[in-house]
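Asker: Model the following, please.
(2 chains)
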There are 2 protein chains.
Amino acid sequence: MAEKQPAKGTIRDTLLEAASSLMRELDTIEVGILDIAARAEVNHGMIRYYFGSKEGMLLALLDRDVGVRIRQLGALLRMDATPTEKMRIHLEGILETYYRIPYLNRLIQAMVRDASPERVHHIAEELLKPIAQAQHSIIQEGIAAGEFRKVDPKLFYFNTIGSADGLYSNRFTLSAVFGGIPGADDALHERYKAHTVETLMAGLLA
Amino acid sequence: MAEKQPAKGTIRDTLLEAASSLMRELDTIEVGILDIAARAEVNHGMIRYYFGSKEGMLLALLDRDVGVRIRQLGALLRMDATPTEKMRIHLEGILETYYRIPYLNRLIQAMVRDASPERVHHIAEELLKPIAQAQHSIIQEGIAAGEFRKVDPKLFYFNTIGSADGLYSNRFTLSAVFGGIPGADDALHERYKAHTVETLMAGLLA
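Answerer: Below is the predicted model of the structure:
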């Protein structure tokens, strides 16, 4: 039976995935620790044990979700590819991220409103700035190479996250506009991704 | 002294403006009826008198905020202008709307989660669909005139509201990316508006 006891790392990961899946299924970031623990099939005391508090767990979830993207961006920046190719891959990645993690912006907004100053600082410096700066450097490369128009990378960044978030964070508007469908499925996501990448690239290309 | 007593219509409008200004100043839609009444300088019983409930008042606020835009859009559709000119004016209007009313999407999301089915239906049919359909018809005109690419108007709609909302709904990300500024001022808004309209038009124009 010993094999069935999850390892420490596994319980931590299982709790994060339980929180994440509940937020996705219920379309809200307001999920309780008892529900998260029940979904993870562990005692809710494990949340305090691994994360100190619910807030600590939510920050760990942000670290998990955004950390993957930051590592991918680092690899993308080192790729031997043109700025146009890099930006296209980057934009597709952002669209994928918001489709898989539609609660991302809402969770960030709630955390920075309610979390401790050190945690807010961590979110700004370790999670948001690296993404914005990676995009910034691709845009500067593209401008220098004559591939992109001279856009302000900061303004373009907000077009990017807004457009990417637009379809997925707004299930009700989606349903109203698309005649009653409950949310985006893979087929609609693929269409939205292709369409949005074209729109944003058209705004960028010289 | 009689002149100082606000007329009935005025009390109603004053309450709506009090709720709106508190949401803007506090950057949250979680404002209490006592605070709204205090800001409006009336007894909080007036909210029940004019709107039936807080939810009724929030719906009236949405009707007020979105209704202005729907009437403007109606006038825009009847204008003697090319689809390109109409779309440019329309997009500038959406950017203005989200700058002036940054709580708009959050309020819609909260209402459709919590409000009665009739109110949710009203929001979908009377507020969201007319905006999406007006934009839809400008895009179809533009495609027919050969001015626009054959984009899916529904997908473009979510680019539009997402991009427009992106800068203003996200004060903390704004602050992190722009080096600590507290929010968008008129100068940044004008830059963002010009930039975003260019980006979206580039995605649309044939």
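Asker: Now for residue A:71: which residues touch it?
Answerer: Applying C-beta atoms under 8 Å, 6 or more residues apart in numbering or on different chains to residue A:71 gives no contacts. From N, CA and C alone the C-beta is placed, and that goes for glycine too.
Asker: Past the helix or strand of chain A with the lowest mean pLDDT, which element shows up next along the chain?
Answerer: The helix or strand of chain A with the poorest confidence is helix A:171-177; it has a mean of 78 (mean pLDDT, DSSP states H and E). Next along the chain after helix A:171-177, taking DSSP states H and E as the criterion, comes helix A:186-204.
Asker: list the helices and strands that following helix packs on?
Answerer: Secondary-structure packing of helix A:186-204 (3 or more C-beta pairs under 8 Å, 6 or more residues apart in numbering or on different chains; DSSP states H and E): helix A:83-100, helix A:153-168, helix B:153-168, helix B:186-204.
Asker: can you do 6 Å?
Answerer: helix A:83-100, helix B:153-168, helix B:186-204 (3 or more C-beta pairs under 6 Å, 6 or more residues apart in numbering or on different chains; DSSP states H and E).
Asker: who touches the shortest one?
Answerer: Right, helix B:153-168. Residues from elsewhere that reach helix B:153-168 (C-beta atoms under 6 Å, 6 or more residues apart in numbering or on different chains): A:158-159, A:161-163, A:165-167, A:177, A:192, A:195-196, A:199, B:94-95, B:98-99, B:102, B:105, B:132, B:135-136, B:139, B:184, B:192, B:196.
Asker: and the biggest helix by length in chain A, which residues are buried?
Answerer: For chain A, the helix that runs over the most residues, judged by DSSP state H, is helix A:54-78. Neighbour-count burial for helix A:54-78 flags A:54, A:56-66, A:69, A:72-73, A:76-77 (criterion: 16 or more other C-beta atoms under 10 Å in any protein chain shown).
Asker: What of stretch A:192-200?
Answerer: Those buried within stretch A:192-200 under the rule 16+ other C-beta under 10 Å are A:192-193, A:195-200.
Asker: Could you do stretch A:28-39 as well?
Answerer: Using 16+ other C-beta under 10 Å, the residues of stretch A:28-39 that count as buried are A:29, A:31, A:33, A:36-37, A:39.
Asker: what's the answer for stretch A:168-180, then?
Answerer: A:168-178.
Asker: Closest one to residue A:119 out of those residues, please.
Answerer: residue A:169 (22.3 Å; C-beta to C-beta).
Asker: For the closest one, give me phi and psi.
Answerer: phi -90, psi 0 (degrees, to the nearest 10).
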